[in-house]
Each structure stands twice: as C-alpha cells, then as structure tokens.
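> Pasting a predicted model and its sequence here:
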Amino acid sequence: LHHTAHFVENHDEPRVAMALGGGQQGFAAAVAATTLPGMRLFNDGQFDGLKNRLPVQLRRAAPETRDLQLHEQYTKYLSILADPVFHKGTWTYISVPKEHSGWRLMAWRW
C-alpha cells in the first residue's frame, strides 16, 4: 500500500460531487481514500464541490457556485492529515465481521 496513489476524483472521471450525489458524500470518500498509506491526490475544484467536469483541453470551466463550507472542511482535514502519524505511523487493517450482515465495511487505524 505504501507505493500506491489514492484519489476519488481526477480529470478523466466525473466529479465526485456529481458521481456520489453531493459534496459531503465526496468528502467521505476522500477521507476513506486518503487515510490509506501512499500518495494522496486531490483534483482542482474538488474542495469546492464543483460538479462540472473540465476536460484538460479546455482552459476555463462554466461558472459554478463554490461550496465554501465544504472548502473549509477540506482545509481542516488537510491540517489533520499533516499529523506525523499519517506519514510515519503504522497502518493496520482491522477485520470487521461481515458474515450474514449484508454490510460491506472496511476499517483501519494508524
């Protein structure tokens, strides 16, 4: 896992806020993806909950309303990710009982 890259949005895919139904759902996915060991990638506009995909060949996107509260949430999250535990700590997968539950859960800790 240490030699992998994790992201929920990039220029080739639909925006996470659109694909998952909103900025908060995209934020939850970003937390799950970026608390795994490895490189963390975020796309331009992801912190603002933008929904229109901008092909890399275009220079400017259609105007969209930016979600300032979501941007603040991502900014706070980045300060949490800066903690040394996420860079030098030990990542551990936690086994979650799944039999007969109907749930698809994963858990881990640092």
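On my side now, so go ahead. Residues are numbered from 1 along each chain as shown.

> Let me see the ranges of the helices in this structure.
16-19, 23-34, 68-81, 85-88 (DSSP state H).

> now the residue nearest the centre of the chain, nearest residue through space, not along the chain?
Note on the chain: the residue nearest the mean C-alpha position is residue 30, at 1.4 Å, using CA atoms, centre = their mean. Leaving aside its sequence neighbours, residue 30 sits nearest to residue 8 (CB to CB, 6 or more residues apart in numbering; 5.1 Å). In this view, the C-beta of every residue, glycine as well, is placed from N, C-alpha and C.

> check contacts around the one you found.
Shown in contact with residue 8 (CB atoms under 8 Å, 6 or more residues apart in numbering): 16, 26, 29, 30, 33, 46.

> who touches stretch 84-96?
With CB under 8 Å, 6+ apart, stretch 84-96 has contacts from 1, 35, 36, 37, 105, 106, 107, 108, 109, 110.

> can you list those residues in TSV and add distance to residue 90, pLDDT and neighbour count?
As requested, the contacts of stretch 84-96 are exported to TSV (distance: CB to CB, whole Å; pLDDT from 0 to 100; neighbours: other CB atoms under 10 Å):
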residue	distance to residue 90	pLDDT	neighbour count
1	12	67	10
35	13	93	17
36	13	91	18
37	9	91	17
105	21	80	9
106	17	83	11
107	15	87	9
108	11	90	14
109	9	89	11
110	7	89	14
